[in-house]
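*Asks:* Structure for the following, please:
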Amino acid sequence: MTPLALHDVVDAERFCASVVTRSGLQLSYHDREDLHAWLVSECWLLSLRFQPGGISFSTYAGNTLRRRAIDWQRQRFGRRTWRFKNSVYERPRVELVSLDADDSERDRLESTVAGSGLDSGASGFAAGMRALDKRSSRPGRRETWLGDEAA
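*Replies:* Numbering: from 1, shown residues only. Predicted coordinates:
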């Protein structure tokens, strides 16, 4: 099989494999293959948009594909770190709780729901509704909304 040649890049697949290797990402075999295939397709799209004159295609594609690898990573795993001028914000990874876990995990989940108004029976629900009614109030007349001058 002949390698895919795009402009001055003799083998686009090998070129994209070097971009994946230089990215330094710690990926599983399947994620690495997925990134490589995605970069090859991006390289093809870049070759369609490339205008000769100025820089070479290999320079243009190499710089762009490095950024595309970061885009793939953010699309795949989500963005977790934002860097600003004087600060860095890092969002913690989402922790999923399985509902089919062993009994100790299920007890922990049930204990958080047990104190809610809907779980405490009809009397607890009615008491919760009365508390809501006491906190809410009807709006006053129009004069109290806008003040005495507006009336």
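*Asks:* CA atoms for contacts and neighbours, from now on please.
*Replies:* Noted.
*Asks:* ok, now how distant is residue 76 from residue 59?
*Replies:* Residue 76 is 26 Å from residue 59, where distance means C-alpha to C-alpha, to the nearest Å.
*Asks:* same question but for residue 130, I mixed them up
*Replies:* According to C-alpha to C-alpha, residue 130 and residue 59 sit 70 Å apart.
*Asks:* can you check residue 93 too?
*Replies:* From residue 93 to residue 59 the distance is 35 Å (C-alpha to C-alpha).
*Asks:* Same check on residue 91?
*Replies:* Using C-alpha to C-alpha, residue 91 is found at 34 Å from residue 59.
*Asks:* What is the neighbour count of residue 61?
*Replies:* Residues lying near residue 61 (other C-alpha atoms under 10 Å) number 24.
*Asks:* Following element in sequence after the strand or helix carrying residue 60, please.
*Replies:* Taking DSSP states H and E as the criterion, residue 60 maps to helix 57-77. Next along the chain after helix 57-77, taking DSSP H and E as the criterion, comes strand 81-83.
*Asks:* what pairs with the helix or strand containing residue 89, and is each one parallel or antiparallel?
*Replies:* Assigned by DSSP H and E, residue 89 belongs to strand 88-90. Paired neighbours of strand 88-90 in the sheet (DSSP bridges): strand 81-83 (antiparallel).
*Asks:* for the strand it pairs with, what is the average pLDDT?
*Replies:* Mean per-residue pLDDT for strand 81-83: 78.
*Asks:* Show residues contacting it.
*Replies:* For strand 81-83, the external contacting residues (C-alpha atoms under 8 Å, 6 or more residues apart in numbering) are 88, 89, 90, 91.
*Asks:* now those residues as CSV including neighbour count, distance to residue 43 and pLDDT?
*Replies:* Compiled in CSV, the contacts of strand 81-83 are given as follows (neighbours: other C-alpha atoms under 10 Å; distance: C-alpha to C-alpha, whole Å; pLDDT from 0 to 100):
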residue, neighbour count, distance to residue 43, pLDDT
88, 10, 32, 85
89, 10, 32, 83
90, 11, 31, 81
91, 10, 31, 78
